[in-house]
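A.B. asks: just a sequence and a predicted model for now, questions to come.
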Amino acid sequence: EVAGKPFDEASKEGVLKLLKYVGGTNDKGVGMGMTNITALPAEDGSLQQKVKVSLRIPSQFQVNPPCPSDESIKIEERQGMTIYSTQFGGYAKEMDYVNYAAKLKSALGSEAAYRKDFYFCNGYDPPMKPYGRRNEVWFVKE
């Protein structure tokens, strides 16, 4: 978690820490590759007070994940979830996530039941990939 910084700055800081972890800065010195990185906006719906940056640990490491060398990185187990999602391209910034979250909310209308206190902002590509980038906004179904 990174608190007290704007969303774009906080998510970048969190991503860099996780990249070190999956790159081998852990107690086993093992590189795990990269899946996706998810920034969890603040619980009050803003994207600037507290950002939680996370990634899915690859399947072969989930039973016994390497312990991070950085004490600010925590391993958590999450239950499965059903999500509503929308996808977009480009280098995603805070306003892109906010705009696509609003579009998804509008598309779902008032009938869909989903968590309103947070949503996930996902980026799947390394910064050096200039084209064909994939980003998503997820709402968790209730």
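C.D. replies: Yes, it's here.
A.B. asks: where does residue 72 sit, in terms of helix or strand?
C.D. replies: Under the criterion DSSP states H and E, no helix or strand holds residue 72.
A.B. asks: isn't it right next to residue 17, touching?
C.D. replies: Yes. The pair residue 72 / residue 17 is scored as a contact, 6.6 Å apart, by CB atoms under 8 Å. Every C-beta, even on glycine, is put in place using the N, C-alpha and C of the backbone.
A.B. asks: neighbour count for the two, which is higher?
C.D. replies: Each of residue 72 and residue 17 has its neighbours counted (other CB atoms under 10 Å); residue 17 has more, 15 against 9.
A.B. asks: what's near enough to touch the more buried one?
C.D. replies: 53, 70, 72-73 (CB atoms under 8 Å, 6 or more residues apart in numbering).
A.B. asks: any idea how far residue 71 lies from residue 109?
C.D. replies: 44 Å (CB to CB, to the nearest Å).
A.B. asks: TSV please, covering the contacts of residue 17 and showing pLDDT and distance to residue 121.
C.D. replies: Output for these, formatted as TSV (pLDDT from 0 to 100; distance: CB to CB, whole Å):
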residue	pLDDT	distance to residue 121
53	86	10
70	93	22
72	92	20
73	92	19
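A.B. asks: what about the protein, any weak spots by pLDDT?
C.D. replies: For the chain, the stretches with pLDDT under 70 are 34-37, 39-49.
A.B. asks: can you give me the strands in it?
C.D. replies: With DSSP state E, the ranges of strands along the chain come out as 2-3, 37-40, 50-55, 83-88, 120-123, 135-140.
A.B. asks: the residue nearest to residue 133 when sequence neighbours are not counted and residue 7, how far apart?
C.D. replies: Distances taken as CB to CB, 6 or more residues apart in numbering place residue 125 nearest to residue 133, at 4.7 Å, with adjacent residues excluded. Separation of residue 125 from residue 7 (CB to CB): 18 Å.
A.B. asks: dump stretch 80-99 to PDB, keeping only the CA atoms.
C.D. replies: Provided in PDB are the C-alpha atoms of stretch 80-99 (Å, rounded to 0.1, in the frame of the first residue of the first chain):
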ATOM      1  CA  GLY A  80     -12.400 -16.200  -6.000                       C
ATOM      2  CA  MET A  81     -14.600 -13.400  -7.400                       C
ATOM      3  CA  THR A  82     -16.900 -12.600 -10.300                       C
ATOM      4  CA  ILE A  83     -16.300  -9.300 -12.000                       C
ATOM      5  CA  TYR A  84     -17.800  -6.900 -14.500                       C
ATOM      6  CA  SER A  85     -15.100  -5.600 -16.700                       C
ATOM      7  CA  THR A  86     -14.300  -3.200 -19.500                       C
ATOM      8  CA  GLN A  87     -11.000  -3.000 -21.500                       C
ATOM      9  CA  PHE A  88      -9.100  -0.200 -23.100                       C
ATOM     10  CA  GLY A  89      -5.700   0.500 -24.600                       C
ATOM     11  CA  GLY A  90      -2.900   3.000 -24.300                       C
ATOM     12  CA  TYR A  91      -0.700   4.000 -21.300                       C
ATOM     13  CA  ALA A  92      -3.400   4.200 -18.600                       C
ATOM     14  CA  LYS A  93      -3.400   7.100 -16.200                       C
ATOM     15  CA  GLU A  94      -5.700   8.000 -13.300                       C
ATOM     16  CA  MET A  95      -8.200   9.900 -15.500                       C
ATOM     17  CA  ASP A  96      -8.400   6.900 -17.900                       C
ATOM     18  CA  TYR A  97      -9.400   4.600 -15.100                       C
ATOM     19  CA  VAL A  98     -11.900   7.100 -13.700                       C
ATOM     20  CA  ASN A  99     -13.500   7.600 -17.200                       C
END
